[in-house]
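Trainee: Mind folding the following:
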Amino acid sequence: MNNQDNQKPEGGKKRRIIHWNPDEEDSSPAGVERKNRGLMFFVPIIAGLVVFSGLAYVGLKFYSKGHEGAPGGAGENGQAGDNTGGRGELAFVSPQKVQRELDKLRQEISAIRKVTDDHPVLIKNLVMMETAFDEGSKSYTSGNYRQAMTFLEEVGGLIDEQKSLINLQSETKAIHDEFLNLIEASETGRSLAPFEFEKASAIGNEGEIHLSKGAFTEAILSFETALEAIGEMDGIVNTHLVDLELNGKKALQKGDKEAAQEIFRKVLELQPDNELAQRNLKRAATIDRVLPLLREAAELEKSKDYEKSLVSYERAFELDALSAKAQQGKSRLGKVIRDNRLEYLRTTSKKAEEELDWDTAIETYEAAVEEFPDLPNFAEALEVAREKGHQAKIAAALDEAYTYEEEYEWAQARTSFLRVLDLDNQKEEAIEGLRRDGEILRSLLRYEKFLNDASDYAAKGEFQQSIRSFNEAMMAKPSYITLSPEIQDLKTTLRDQSQPVGVSFVSDGKTWVSISGFQMMGKFEQHKLRILPGNYQVRGRRKGYRDVLLEVRVRRDSSFGPIQVICTQRI
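Mentor: Numbers count the residues shown, from 1 in each chain. Below is the predicted model of the structure:
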């Protein structure tokens, strides 16, 4: 019997759930004989208890019939009974209270049933609560409300117990899943720690047995102990892995390709996701090519052939990016070449400045700034060279931008201002020109967009939306633009369609009539409205009849008779 079997759920009675396992009973011949002797001893006692229980049951039934009033019936004095049989010591239980409790417990049992899986213990408890509920329902039907409440109180306690068991089962499954994942992952190190592995497996198996029997607390303890054993196993495996990795690095330093590969393969057999072992195995595959390159690079460096020496170091580094010699040689030769390049750039730029060759000076300084961004002198000299060398180009680009603006070529003007900013990103005239041209271009885009929208809406007969778009376009229109004949025609059309038109409606006084997005007219026989030109949906509704939906196109220059909106087709 488990610890959770004796738990007392909050708000309910204390219940005991016994997990019976026939396999645990004594099945030896001696045990069977002891059981038989025990049974023979209890047979007379059990028979007497059965007779006594029967007599007690008959007496209780007789007493109940003689003293309990029928539900809603009359007592001995001809007055309505209260299901207490006139006995003041028995509490009154109303049928309404029992009914409410039945409804509430029925919902709770339904919810419990949905989350109860096929575990025998949970199924057994579910059957017990459903049986008690049925008994309570039967007692309610027969009018024995006190007995019904007794059964229903028992059901409430069983529900609380079932919830507790379901929560405990969920916790057990979670740690069980963790155990299964870890024991599977530890399979590769089984040979290094066989005792710990078998210990974890055995304890885990015990936990699974407890889980199958519903002994959830014992199962959790077993799985926790199994996880501790797996942790001990991991410690042994990790110690062995450290030794292997040290030996593998020594083999790499000696250039022993086969030995290094063998060691790192062993590491990956034990720990397939070991990224360091994966990298070292890759290094071992190229170590026979890396060492000759390192020797070649060292000879070239001695002869001061720095460019070729750097190439050899770089090739060795490409094959083995973790090689310390390749990294150090690449860094050392890079510094020597860098110093030589720096001296060349200084000499070339100084000569270009003396000859006022600003293009060459700028090109040299740009290369110097890109290659040596940490040296501020080059950046300062570049700014000076740009200022002196590009002053004329800046002025020419500004003149070009102003010329484009005079011709209303805003996009080209904007491009010229951008070219100025490429040369001097602080030039206020160019910044202001970009802002100015940008505003005009955005106004042009808004103007064209709203004009297109107005034309599209007008073509569809949506004149009010077209008028709004046309007004937006006029607000965005730059002052220098004149309206084309097509736009003038559109303006005239919209002006004509801006006046409301009288429309008459006819109905039967029973249909609810409305204009979608405009007005609810209600029920009428005749109704007149003044509506702005456009397309409208008129809907008629009447209870028990199919809706009527009419498409009405109202135009200033069109006329039509009354619009009839009557629901005539029954549903």
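
Trainee: alpha carbons only for contacts and neighbour counts from here, please
Mentor: Noted.

Trainee: which element follows the host helix or strand of L268 toward the C-terminus?
Mentor: Using DSSP states H and E, L268 sits in helix 257-270. Using DSSP H and E, the helix or strand that follows helix 257-270 in sequence is helix 275-302.

Trainee: which helices and strands does that next one pack with?
Mentor: helix 216-254, helix 257-270, helix 306-319 (3 or more Cα pairs under 8 Å, 6 or more residues apart in numbering; DSSP states H and E).

Trainee: Tell me the gap between the first one and the middle of its chain.
Mentor: If I follow you right, that is helix 216-254. 34 Å (Cα atoms, centre = their mean, to the nearest Å).

Trainee: quick one: that helix to helix 275-302, angle?
Mentor: Interaxial angle of helix 216-254 relative to helix 275-302 (axes from the mean of the first three to the mean of the last three Cα atoms, to 10 degrees): 20 degrees.

Trainee: how many neighbours does Q488 have?
Mentor: Residues near Q488, counting by other Cα atoms under 10 Å, number 12.

Trainee: What residues sit buried inside the helix or strand harbouring it?
Mentor: Counting by DSSP H and E, the element that carries Q488 is helix 485-496. For helix 485-496, a neighbour-count test (16 or more other Cα atoms under 10 Å) marks L490, K491, L494 as buried.

Trainee: do stretch 317-334 as well
Mentor: By 16+ other Cα under 10 Å, the buried positions in stretch 317-334 come out as F317, L319, D320, S323, K325, A326, Q327, G329, K330, L333.

Trainee: same deal with stretch 231-245?
Mentor: For stretch 231-245, burial by neighbour count (16+ other Cα under 10 Å) applies to G231, M233, D234, V237, L241, L244, E245.

Trainee: go on, stretch 523-535?
Mentor: By 16+ other Cα under 10 Å, the buried positions in stretch 523-535 come out as K523, F524, I531, L532, P533, G534, N535.

Trainee: Show me the residues you listed that map onto strands.
Mentor: Members of these lying in strands (criterion: DSSP state E): I531, G534, N535.

Trainee: Out of these, flag the one nearest to D557.
Mentor: Using Cα to Cα, G534 is the member of those that sits closest to D557, with 11.9 Å.

Trainee: For the closest one, list the residues it contacts.
Mentor: G461, E462, F463, Q464, R553, V554, R555 (Cα atoms under 8 Å, 6 or more residues apart in numbering).

Trainee: I'd like the buried residues of helix 485-496 as TSV, with distance to R414 appended.
Mentor: As requested, the buried residues of helix 485-496 are exported to TSV (distance: Cα to Cα, whole Å):
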residue	distance to R414
L490	32
K491	32
L494	36
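
Trainee: For the residues you listed, give me TSV that also has distance to Q261 and pLDDT.
Mentor: Supplementary listing: the buried residues of helix 485-496 in TSV, determined by distance: Cα to Cα, whole Å; pLDDT from 0 to 100:
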residue	distance to Q261	pLDDT
L490	84	89
K491	85	88
L494	86	88
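
Trainee: Return the most buried member of the helices and strands packed on helix 275-302.
Mentor: Of the helices and strands packed on helix 275-302, the one with the most neighbours on average (mean count of other Cα atoms under 10 Å) is helix 306-319, at a mean of 20.

Trainee: outside of that one, which residues touch it?
Mentor: 283, 286, 289-291, 293-294, 296-301, 323, 326-327, 329-330, 333-334, 336-337.

Trainee: 6 Å - rerun?
Mentor: V290, L293, A297, L300, E301, A326, K330, L333 (Cα atoms under 6 Å, 6 or more residues apart in numbering).

Trainee: Pull the number of nearby residues for the fifth one.
Mentor: It refers to E301. Count around E301 with other Cα under 10 Å applied: 17.

Trainee: Next one, pLDDT for it please.
Mentor: Looking at E301, its pLDDT is 88.

Trainee: how much space between the nearest residue to it once chain neighbours are set aside and K302?
Mentor: Nearest non-adjacent residue to E301, counting by Cα to Cα, 6 or more residues apart in numbering: S309, 5.5 Å away. S309 sits 9 Å away from K302, taking Cα to Cα, to the nearest Å as the criterion.

Trainee: cool, K173 as well?
Mentor: In this view, K173 and K302 are 69 Å apart by Cα to Cα.

Trainee: Compare these two and say which one has the larger neighbour count.
Mentor: With neighbours defined as other Cα under 10 Å, K173 and K302 compare such that K173 has more, 17 against 10.

Trainee: Helix or strand: which one has the one residue sitting closest to the centre of the chain?
Mentor: For the chain, A174 is the residue whose C-alpha lies nearest the centre (Cα atoms, centre = their mean; 21.8 Å). Element membership of A174 [criterion: DSSP H and E] is helix 145-185.

Trainee: State the next helix or strand along the chain beyond that helix.
Mentor: Under the assignment DSSP H and E, the closest C-terminal helix or strand after helix 145-185 is helix 194-213.

Trainee: by contact count, what packs against that following helix?
Mentor: Using 3 or more Cα pairs under 6 Å, 6 or more residues apart in numbering; DSSP states H and E as the contact test, the elements touching helix 194-213 are helix 216-254.

Trainee: Check which helices and strands the helix it packs on sits against.
Mentor: Looks like helix 216-254 contacts helix 194-213, helix 257-270 (3+ Cα pairs under 6 Å, 6+ apart).

Trainee: 7 Å instead, please
Mentor: If you count contacts as 3 or more Cα pairs under 7 Å, 6 or more residues apart in numbering; DSSP states H and E, helix 216-254 packs onto helix 145-185, helix 194-213, helix 257-270.
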